[in-house]
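**Q** The following block contains a protein sequence and its predicted model.
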Amino acid sequence: GSEDTNTQPTNASVEGNQAEGDQVVIGFSGPAADHGWLGAINSAATAAAEEYPDVDLRVAEGTNDANLQISQVEQFINDGVDAIVLLPTDGAALTPVAIQAMEAGIPVINVDREFSSPFAARTTVLGDNYGMGVSAGTYVCEQLEGNDEAVVAEIAGIDSLPLTQDRSKGFADALESCGLDVDNRVAADFTVQGGEATTSQLLSAAPKIDAIWNHDDDQGVGVLAAIDNAGRDEFFMVGGAGSANAMREIESGESVLQATVIYPSTQAADGIRLARLIVQNKAMSDLVEVEVPKRVVLNAPVVTSDNVDQYLPTAFES
Amino acid sequence: MSEQKTKAAEPRTDATDEPSSHKSNPVRSALRGSSGRNLGLIIALALLIVVGGVTSGDRFLNVENMLTILRYASIIGVVSIGVTFVITAGGIDLSVGSVIGLTTVVASLTSVQLAATQSSWILMVIVALAVGAGAGLINGVLIAYGNVVAFIATLAMLVGARGLAELISGRSTQIVSNRDFLQVMRSELLGIPILIWIFVIVAAAGWFLLNRTTFGRRTIAIGGNLEASRLAGIKVKRHLVYLYVLAGLTSGIGGVMFLGRTTAGTSTHGLLLELDVIAAVVVGGTLLIGGRGTIMGTVLGVLIFSTLVNVFTQNNLDTSIQALARGLILVGAVLLQQRFAARGPRRMKS
Amino acid sequence: MSEQKTKAAEPRTDATDEPSSHKSNPVRSALRGSSGRNLGLIIALALLIVVGGVTSGDRFLNVENMLTILRYASIIGVVSIGVTFVITAGGIDLSVGSVIGLTTVVASLTSVQLAATQSSWILMVIVALAVGAGAGLINGVLIAYGNVVAFIATLAMLVGARGLAELISGRSTQIVSNRDFLQVMRSELLGIPILIWIFVIVAAAGWFLLNRTTFGRRTIAIGGNLEASRLAGIKVKRHLVYLYVLAGLTSGIGGVMFLGRTTAGTSTHGLLLELDVIAAVVVGGTLLIGGRGTIMGTVLGVLIFSTLVNVFTQNNLDTSIQALARGLILVGAVLLQQRFAARGPRRMKS
Amino acid sequence: MTKQFAGVQALKGVDLQVLPGEVHCVMGQNGAGKSTLIKTLSGVHQPDSGEIRWEGKEISLAGPTSALDLGIATMYQELDVVDGLSVAENIFLGHERSSGGVLQVKKTNALARALLKRLGHGDLPPSTEVGTLSAANKQIVSMARALSRDTKMIIMDEPSAILDSGEVANLFRVVRELTAQGIAVVYISHRLEEIRQIGDRISVIKDGRSTANGLSVTDTPREQLIRLMTGRDVENVFPVRTPIPVDAPVVLEVEDLELDGHFERVNFTVRAGEILGFAGLVGSKRSEILETIYGARKASAGKVRVNGKPLRAGSVNSAVNAGIGLSPEERKSQGLILDEPIFKNVTLSTFERFARGGYLNERAERDAARGQITALELRPADPDRPARTLSGGNQQKILLARWLVHGTPVLLLDEPTRGVDVGARAEIYALIRKLAADGTAIIVVSSEIEEVLGLADKVLVIDDGKVLTQTNASDIDEHGVLDLVMKGSAA
Ligand SMILES: Nc1ncnc2c1ncn2[C@@H]1O[C@H](COP(=O)(O)OP(=O)(O)OP(=O)(O)O)[C@@H](O)[C@H]1O
Ligand SMILES: Nc1ncnc2c1ncn2[C@@H]1O[C@H](COP(=O)(O)OP(=O)(O)OP(=O)(O)O)[C@@H](O)[C@H]1O
Ligand SMILES: [Mg+2]
Ligand SMILES: [Mg+2]
């Protein structure tokens, strides 16, 4: 449908955007769903495609191997899909093939992990990892105000991912602004088992803690189990990503988990919606712009017991 | 693997140490061979503990922290016992990690949890064990009767079980809501958490099974010389199936422990656990080509790795440096163990 | 591994098929054994291609898509050739994936890239190969002279090299800016991308080395019976070192290919590649206990897996089902291969 | 009790009848099909046609277990023990003494000790790991295993091949005990003298076919047996010694060689064209001495020189390069690559010669191997056959062929005729003699003292790692050797 005669950008409206347009074939490739958030990314992407009768989604096997993912994108290019939504295992490594797709006239929507070249994507949808760290750090600062000796621990995700590094940097920067720093830091691997294993070690290593930031709510299930097992509750914890489980904990008010910072698991779903709009030459309805923007950075709000009911409905079941 | 060399060449070297002293010394024969190897491991463990004590002092050397190490070790430990049997018989099981994931997912399904609430939490345990044993049965039948190489059959199970677990769970984490179950799994006995007890019991049972029963003898015999075992009238194929079922069963137990410890079932449980398990078993001194297996060694291997992780965390080490150090220590432990394996018997003599 | 059984028991069945036909038929003896096995693999591959063609039609059966499959296969393929040698000699190398990561990181360091820009892009290649060979050298020396079991030594390298790569790169992805290098790596020859040429050349060289040279003969002999090889005067230890260096070298080549294909060096390159590689080698028909190795089989094994992945993507399967299917196909391919391995000789006779 | 049997591929029609309480000898050349026959009887192979009758009833043996259940126990030609288990555990492998699956260690050990005592080896501790035993002791263990079953028939496939005369006497005593209890013994051996001593009846197999059935041992002359087996006459005499030229140079010098815990201060020289024999009992460390000379074990003291040049201790490569070849004691584990073709096994230490710049010339290799295959009458004469499919005697010939291709000036032969049939044995003797005549210095180790004395020019009598005496072979006889050894052990 990309050879649609209507070359003029439409004056977008919600109804107009919802209306069925030409058939759009979208290829989606992401990392292996080896942790809850990525599982949610996949499910949300598939769900988004199912909402639209005019979207035909091709999902490639999730992989952490750049070589395989490149091959998948090449396949999409060969097949002449209308758009590609790509959550790369490594932004830089997938850049050349994304450029190749763009050069072949296929718009690429880059999700979550950013390419190293501006020419590689038509639109980039990013969560704000640095912002997440800042939000978490700011919340911790607020809660610990006046306690300069406070012990702050951090349970990161996979250390080798740039997004983890960004989160940690944001967190450290925010803490610095109120005179705190990270005393104990461990890295889990975004899984429940990893969260549980590293946290029980962390608790053992740090007999007294005032605040913990855990990067990911899915590994948070394990983190909370470890805290429970150890019978510790002298601190409060801030989560990350914003799973429904975590929000229910916050809602209960009985948990050490007091807040979580949202990192939307709907990024790929957004990517798919945007891909459809781009291919059908539609624009975003509430923007004046006649085209889909080049870059969408999602907010990283803090969810606490005060506003949890507002976020719970859209939270992902990890 | 290149232990072939070791196997072919080593016995002679060993032999140099105990020539033709035909007297039957019960102590010596009880300790036969393995003692020297275990000594090396014990020294490695002691070194680690000293390092931990020196670098972290009381924070490391206290009962709570020791229990933390043991709790962490317990799941890997239980599964390692099962895998020790498989490896002793000359096989391999790469699927234990995935099978754990699958058992936790199935046992924490809403329907199972519902049924468990209505009857007894034991049901969840039974489901987990049954799923584990079932996966082991498939492995075993493929290997023994389908003649599929163990590496490939269990690699296929690794991939397949994980996929099935994702499919069943829809990739979401299922929270365990059965309070009785959680309470039991978190209880203590004589001040020691139940998880650790499970490890102790499985290890003791494994030791007994391997060293004191016909089942154990046959396992070693098959690993040492499959053809001779067959000629001696052992039903080798059937025995191999039992062994993989046993490994599957310990994965099931591991799954139950995971459920209790993390209060959740998910397809990502047990991810890459097989590497830790095999490393622990092999560092412990069980030969990858089969014919020699040691439960004590496996337990020590597991403890070394768990202590290592703990020491790393205590010292707040960067994960990359942890990886580097872990590689070095892995090699170091094996070298140490080998040194003592060669020396052990000679010492015994004097 | 339980191929011990296979080795001990299978040849007998083979033998019953060709009883006392004492004529030496050169064609038959050239094809002997391996032909049957390869036939099974070729059939498996053909089946896959038929499935791909039927389900996806022209989208699957076109030159571009075939090149896509081959480009993907090429990196795994090159490394698999090196690992085939190690496994043929009865060893194992679990570290190839990590070593690839390390080579890409070192070769894409700013200082190296700077030097490469000033002199020639060949420098980057040399650095990558040197790092790979160096890692292989450490593996080899540990295994041959340190008597560390290959599984453990290379597992330690797996963990250690990844840690080192993270440390060196500071966990960031380093972009390759050398245009000459990228241009060469992306060029084509006779319409075929250079990556595929590299695979073809390495495979051909590997085939020649294994089947036509003294080096290959030694490799097979050591895998077949290490002690007998030693007693026949072969320098077993030295040769083992060469083999691991060779595997390291192919990892280095794989690293260069990764750099060209992704234009980036990062410690996560090659993650878990060892599993794909070992699976391809073993499915190909190289025995894990050593003594039999087939480059053709390895190439077919690699192609089967690459085609499988391609067919999956074409058919838009749910990723969990893909995992499940992959497990089943893995077992299926081995069963098929074994069927034909047993039948092969009988067919040849008629 | 009757058994009729015909037709596995390797067996083209074999009949065998075994009566209770008799020692039934099965004879035949290497590769005749004896082992294949007994493997069908013990359920390892299934016959393609023909039938097996047991106590009058036709039976089919699905596997080793069904044979064992019927009361047929077998000692296989290849050592069938498990190295990682103890002696007692090996003996009761497959029918462990247990109560409810729990091993009764004490009982097992006691029973094992009793069995070993019966075999004249009360000194072998039941808890020793079998991997540390010599081949001969492993054979004892395997024999004890066969006896440990409640059997009606015991099949022994070349049980005496690695035993010395004392051990063989023990074995015979046990066999007589068994037959006195009405147990049938099927006995396979290439040593005709043994068959005379122990056998009641003889069946002969040639090329997979029965050529004689149930001949009486006493009524069949030796020559007739040999003719039945080989189809020709063989003079089983040792070839005449050719006098060694007085000026023949010393090729191999061994000076004060020691290996800690095994042997001490071994001194001797071998001249070109000379055959030196090592005589002694099993376990006297003769193999260790050879392996140390060869560098397969690292000497703790002493020197080995070839043509005056000292060898590097513990380096096989240096020994091979200097021109020493070893045909090891355990041909399967130390000598052959079983799944590789014959010709590659033959050229295992010489294939470099057939290569230019690393590129192998397989045709030349195969031709060279074929030359030796013909010369040694190796059967089957197909160089591409995997070594695994050859009979034991023919596998032994491969090892000889290996060093013949190499053409080393020094040859160390550890049990060169173990399991080799009478015909081939004579050929090997002649061959060894011819090699010596061509100037090769040779050391022969054999557990048959007669063989050592008949073949060698000079003899070292060795006991427990000590050289008791060094003498000309013509100056000593079997009794002399045994007397020396007994005295040596007593001292
Ligand atoms: N597994 C096998 N595969 C193919 N051929 C075999 C196999 N085993 C034995 N043969 C062949 O069958 C024939 C009989 O072998 P067998 O081992 O029974 O001989 P044998 O009489 O026991 O000889 P020896 O005295 O040397 O032990 C030989 O030609 C041998 O090559
Ligand atoms: N691998 C080994 N490990 C331990 N002890 C061994 C080993 N091999 C041999 N021995 C011991 O060394 C002694 C000598 O055995 P060896 O086989 O070398 O004697 P031998 O004189 O060569 O006898 P044979 O006639 O059997 O060849 C025996 O007592 C045996 O128990
Ligand atoms: Mg035989
Ligand atoms: Mg000997």
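**A** In hand now; what should we look at? Ligands and ions are numbered 1, 2, ... in the order given.

**Q** where do the strands sit along the chain?
**A** I'll assume chain A. Remark: strands assigned in chain A by DSSP state E are A:24-29, A:55-59, A:83-86, A:108-111, A:123-126, A:152-156, A:182-187, A:211-214, A:236-241, A:257-262, A:295-297, A:302-304.

**Q** I was thinking of chain B, sorry if that wasn't clear
**A** B:174-175, B:188-189, B:192-193, B:264-265.

**Q** who touches stretch B:140-157?
**A** B:86, B:91-95, B:98-99, B:135, B:138-139, B:236-238, B:240-245, C:1-3, C:6, C:10, C:275, C:278-279, C:282-283, C:288, C:326-328, C:330-331, C:334-335, C:338 (Cβ atoms under 8 Å, 6 or more residues apart in numbering or on different chains). Yep, even glycine has a C-beta here, placed from its N, CA and C like the rest.

**Q** Skipping adjacent residues, who's closest to residue 170 in space?
**A** Chain wasn't specified; assuming chain A. Closest residue in space to A:Gly170, ignoring its immediate chain neighbours: A:Gly133 at 2.4 Å, by Cβ to Cβ, 6 or more residues apart in numbering or on different chains.

**Q** that's the wrong chain, I wanted chain D
**A** D:Asn170 sits nearest to D:Gly120 (Cβ to Cβ, 6+ apart), 3.8 Å away.

**Q** Give me the local confidence score for that neighbour.
**A** D:Gly120 carries a pLDDT value of 81.

**Q** if I look at it, how far off is chain A?
**A** 60 Å (Cβ to the nearest Cβ, to the nearest Å).

**Q** And D:Glu158, by the same measure?
**A** Distance from D:Glu158 to chain A, by Cβ to the nearest Cβ: 56 Å.

**Q** That residue - how many residues pack around it?
**A** 23 (other Cβ atoms under 10 Å in any protein chain shown).

**Q** Redo the strands of chain B as JSON lines? Include mean neighbour count.
**A** Written out in JSON lines, the entries for these read as follows (neighbours: other Cβ atoms under 10 Å in any protein chain shown):
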{"stretch": "strand B:174-175", "mean neighbour count": "20"}
{"stretch": "strand B:188-189", "mean neighbour count": "10"}
{"stretch": "strand B:192-193", "mean neighbour count": "18"}
{"stretch": "strand B:264-265", "mean neighbour count": "29"}
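
**Q** who in the stretch 151-300 of chain D is up against ligand 2?
**A** D:Ile162, D:Gly280, D:Val282, D:Gly283, D:Ser284, D:Lys285, D:Arg286, D:Ser287, D:Glu288 (Cβ under 6 Å from any ligand atom).

**Q** Need the winner for burial among the strands of chain A.
**A** Among those, strand A:83-86 has the highest mean neighbour count (mean count of other Cβ atoms under 10 Å in any protein chain shown), at a mean of 31.

**Q** May I have that one as CSV, with CA atoms only?
**A** Presented in CSV, the C-alpha positions along strand A:83-86 are these (Å, rounded to 0.1, in the frame of the first residue of the first chain):
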residue,chain,number,x,y,z
ALA,A,83,8.0,-1.2,7.5
ILE,A,84,10.3,-2.7,10.1
VAL,A,85,10.0,-2.3,13.8
LEU,A,86,13.3,-3.1,15.4
